[in-house]
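Engineer: Provided below are the primary sequence and the corresponding predicted coordinates.
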Amino acid sequence: MSSDLARSAVLENVRKLISEKLFHPWWDVREIEEKAATLPALSRELATIPEDQFERRLNAWLAEFGLSHTAYFHVAGRSVPPQFAIGAELRSFPNGDGYAWLVQHVAEGGVARQAGVRLGDAFLAIDGQKIVPPDEPRFQLGRAHEILLQPRDESQPRTIRLELPKGTMKDRPPIVASRPLSHEMLESGIGIIRVSTFPGAVGLDFARALDGIVEEFKSKRCDRLIIDLRGNPGGGLGSLRVMSYLVADRRPTGYSLTRRGKANRLGLQELAQIKRIPRTKLGLWSMALRFGLLHRDRSLSLWTEKLGQQPFHGKIVLLVDEFTRSAAEMIAAFASKAKLATLVGAPTPGQVLGAANFKVGADYRLRIPVTAWYMWDGELIEGKGVAPDNEIRPSLEDLQAGSDVQLKRAISVATVL
């Protein structure tokens, strides 16, 4: 994208898409259109600045809507945050006379985990450029980065190499998926399931894998369960299977509304309903037909699958933090409101809008929210998040000792449930 004409076309595409499709829970259509109409005024300012600055400036304008799931990005993923690129959460901590980025969580199977990055390690530089908070390191997918790392238990920094593949999840901003599921069984009868993401739109394979883990736990007499959703950025319908294992019966978990659904004042009983994840390819085709032709609007309600009584019901702990987003937050909100689990960790960020990607230039996409997610009683957690029952955040000393204090608290809580 080099010519003024190309940038003008991008800005016009962005303006039009926002005016016609963006869903804002608190603004009416007129307010959205008025805000979108201010974009052409930026054309002169953005005409000659470098491409990376153009991207940052347009994203700053988009941020003025105050909504999650809103971004302008290059399809190749040239500026991706650590959570989405390497599967690591970084948090700012004092370091001598300044601050440094310390690792507070590492996803199983992610790029960082594979490279040996651990809790408490500090990221000092990327590709020879020092990184100091509040400037967060950014990564480009499909290439290698040299990281100057200060290991938590070594006196001298060392350099590690992070090999990033291209984006591995469709219909999302550029992201490298970590291992969706991992698990372990403790001697105390507590099962731990770590859920790093929900791959696929429908989540059939994810649901099958989760079923297998639950059956394994039950065969080992697991009667307490910890579900670790820390660092989970969301994803597809696989989240429904997690919610369904929290309760025996079928009940509504919440609903989404689009512009059309809101304008038509759709009642809860008028919404299309999803009450199960298909178990076969025939079921997948049936769902595709239903929502591709009959219910193309994304206004719908989501219900648990009636999986029956489980030995761990009433003795479930959910681990959440400030990086638990989207579909993972929907689980946390459902569990908290219905008192189906004890939440441990840090408050979630309140980013639960449903988004879609649109082509606005040769190699650029606009991601904007097209639905809002509501709890069954109408509560909207966008911008508010979910507060844990037991709030605990790792301290600098905890991380430098390699101690996962949130998991330890979760185990302690599960033991006495």
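Structural biologist: Structure's in. What do you need? Residues are numbered from 1 along each chain as shown.

Engineer: burial measure for the closest residue to residue 361 other than its chain neighbours, as a count.
Structural biologist: Leaving aside its sequence neighbours, residue 361 sits nearest to residue 10 (Cβ to Cβ, 6 or more residues apart in numbering; 4.5 Å). Yep, even glycine has a C-beta here, placed from its N, CA and C like the rest. Residues near residue 10, counting by other Cβ atoms under 10 Å, number 21.

Engineer: and the helix or strand containing residue 10, what's buried?
Structural biologist: Using DSSP states H and E, residue 10 falls within helix 4-21. By 16 or more other Cβ atoms under 10 Å, the buried positions in helix 4-21 come out as 7, 10, 11, 13, 14, 15, 17, 18, 19, 21.

Engineer: by contact count, what packs against it?
Structural biologist: helix 29-36, helix 43-46, helix 51-63, strand 354-359, strand 364-374 (3 or more Cβ pairs under 8 Å, 6 or more residues apart in numbering; DSSP states H and E).

Engineer: contacts for it?
Structural biologist: With contacts defined as Cβ atoms under 8 Å, 6 or more residues apart in numbering, helix 4-21 is touched by 1, 32-33, 35-37, 39-40, 42-43, 46-48, 54, 58, 72, 259, 356, 358, 360-362, 364, 366, 368, 370.

Engineer: can you flag the buried ones in those residues?
Structural biologist: 32, 35-36, 39, 46, 54, 58, 72, 259, 356, 358, 360-361, 364, 366, 368, 370.

Engineer: tell me the pLDDT at the residue nearest to residue 361?
Structural biologist: As predicted, residue 10 sits at a pLDDT of 89.

Engineer: residue 75 against residue 366, yeah?
Structural biologist: No. If you go by Cβ atoms under 8 Å, residue 75 and residue 366 don't touch, sitting 11.5 Å apart.

Engineer: need the helices and strands packed on helix 4-21 in JSON lines with mean pLDDT, can you?
Structural biologist: Formatted as JSON lines, those follow (pLDDT from 0 to 100):
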{"stretch": "helix 29-36", "mean pLDDT": "95"}
{"stretch": "helix 43-46", "mean pLDDT": "77"}
{"stretch": "helix 51-63", "mean pLDDT": "90"}
{"stretch": "strand 354-359", "mean pLDDT": "92"}
{"stretch": "strand 364-374", "mean pLDDT": "94"}
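
Engineer: wait, which of the ones you listed is closest to residue 197?
Structural biologist: For the helices and strands packed on helix 4-21, the distance to residue 197 is smallest for strand 354-359, at 15.4 Å, taking Cβ to Cβ.

Engineer: neighbouring strands - and their directions - for that closest one?
Structural biologist: When pairing is defined by DSSP bridges, strand 354-359 lines up against strand 364-374 (antiparallel).

Engineer: gap between the strand it pairs with and the chain center?
Structural biologist: 13 Å (Cα atoms, centre = their mean, to the nearest Å).

Engineer: which residues touch the helix or strand just after it?
Structural biologist: Helices and strands here follow DSSP H and E; after strand 364-374, the next one along the chain is strand 390-391. Residues from elsewhere that reach strand 390-391 (Cβ under 8 Å, 6+ apart): 342, 343, 344, 345, 346, 347, 409, 413.

Engineer: what mean pLDDT would you report for strand 390-391?
Structural biologist: 98.

Engineer: with stretch 378-387 instead?
Structural biologist: 95.

Engineer: again, but for stretch 104-116
Structural biologist: pLDDT averaged over stretch 104-116 gives 94.

Engineer: residue 104: what's it in contact with?
Structural biologist: Contacts of residue 104 by Cβ under 8 Å, 6+ apart are 89, 90, 91, 119, 394, 399.

Engineer: other residues contacting stretch 338-348?
Structural biologist: Contacts for stretch 338-348 (Cβ under 8 Å, 6+ apart): 227, 230, 246-247, 251, 316-322, 324-325, 328-329, 332, 334-336, 385-393, 406, 409-410, 413, 417.

Engineer: of the helices and strands packed on helix 4-21, which approaches residue 208 most closely?
Structural biologist: Short answer: strand 354-359, nearest of the helices and strands packed on helix 4-21 by Cβ to Cβ, at 24.3 Å.

Engineer: let me know the angle separating the closest one from helix 4-21.
Structural biologist: Counting by axes from the mean of the first three to the mean of the last three Cα atoms, to 10 degrees, strand 354-359 lies at 150 degrees to helix 4-21.

Engineer: what's in contact with strand 354-359?
Structural biologist: With Cβ under 8 Å, 6+ apart, strand 354-359 has contacts from 13, 17, 21, 69-70, 171-173, 256, 298, 365-373.

Engineer: contact partners for residue 191?
Structural biologist: When contacts are counted by Cβ under 8 Å, 6+ apart, residue 191 touches 183, 184, 185, 213, 217, 220, 222, 224, 225, 226, 312.

Engineer: about what we covered before: from the buried residues of helix 4-21, pick the one nearest residue 144.
Structural biologist: Nearest to residue 144 among these, with distances taken as Cβ to Cβ, is residue 10, at 29.8 Å.

Engineer: residue 73 versus the closest one, what's the distance?
Structural biologist: Separation of residue 10 from residue 73 (Cβ to Cβ, to the nearest Å) stands at 12 Å.

Engineer: overlap in contacts, these two.
Structural biologist: residue 364.

Engineer: ok so, going back, ok, the buried residues of helix 4-21 vs residue 136, which is closest?
Structural biologist: Nearest to residue 136 out of those is residue 14 (Cβ to Cβ; 24.3 Å).
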